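In: sequence first, then the predicted structure, then my questions.
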Amino acid sequence: MNRSRITFTLNELVYVLNSAADRHLRAKFDLTYSQFLFLVTLMGQNTPTPSLLAGCLGVSRAAVSQRLPWFQDRGLVEVSKVAGNGKSLSVALTRTGAELATQSADFLEQEFRVLFDNTASVDLDALDKTLSRIKQQLMGNQELRNAA
């Protein structure tokens, strides 16, 4: 099988990147990659409910609820009741949580980019734009399939 299989290559690349990110985050921030994803996903939302956050992370609401105490105990997130709805909760990063999310995201980006400092053959900004276009195309196609 000598044919190019970009889907395999992309999945392998993501696995290698995520594994390296986990090692770097543990060493520098005492944070797992999964915990990092939780923080940066939360940072991208406007005080979501645990259900909305679960949808963004691709996990169950119960999985989010079980993880919240770990983040609260470290002062990284705060959980509060949604105004006007005593049953619903909202989740937000604390200042410390936002700083950790930003610092760790910047650190990972820098660690990745340094690998290509001496490689003129890879234009990371162009690659990012191309991958973003591919992602949008795939998401658009998925929406059409879901509507059918």
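Out: Okay, I see it.
In: residue ranges with poor pLDDT in this structure?
Out: 1-2, 85-86, 143-148 (pLDDT under 70).
In: how about the helices in it?
Out: Along the chain, the segments classed as helices by DSSP state H run 6-29, 33-43, 50-57, 61-73, 95-114, 124-147.
In: let me know which of those helices is tucked in deepest.
Out: helix 33-43 (a mean of 19; mean count of other Cβ atoms under 10 Å). C-beta: built from backbone N, CA, C; applies to glycine.
In: name the surrounding residues that touch it.
Out: Residues outside helix 33-43 that contact it (Cβ atoms under 8 Å, 6 or more residues apart in numbering): 18, 21-22, 25, 29, 31, 48, 53, 56-57, 67, 70-71, 76-77, 91-93, 97-98, 100-102, 104-105, 108.
In: can you check stretch 103-110 too?
Out: With Cβ under 8 Å, 6+ apart, stretch 103-110 has contacts from A21, H24, L25, K28, F29, L31, F36, L39, V40.
In: check the gap between the closest residue to the first one other than its chain neighbours and P50 for me.
Out: Yep, that's A21 we're talking about. Nearest residue to A21, sequence neighbours excluded (Cβ to Cβ, 6 or more residues apart in numbering): Y33, at 4.9 Å. Look at Y33 and P50: by Cβ to Cβ, to the nearest Å, they are 21 Å apart.
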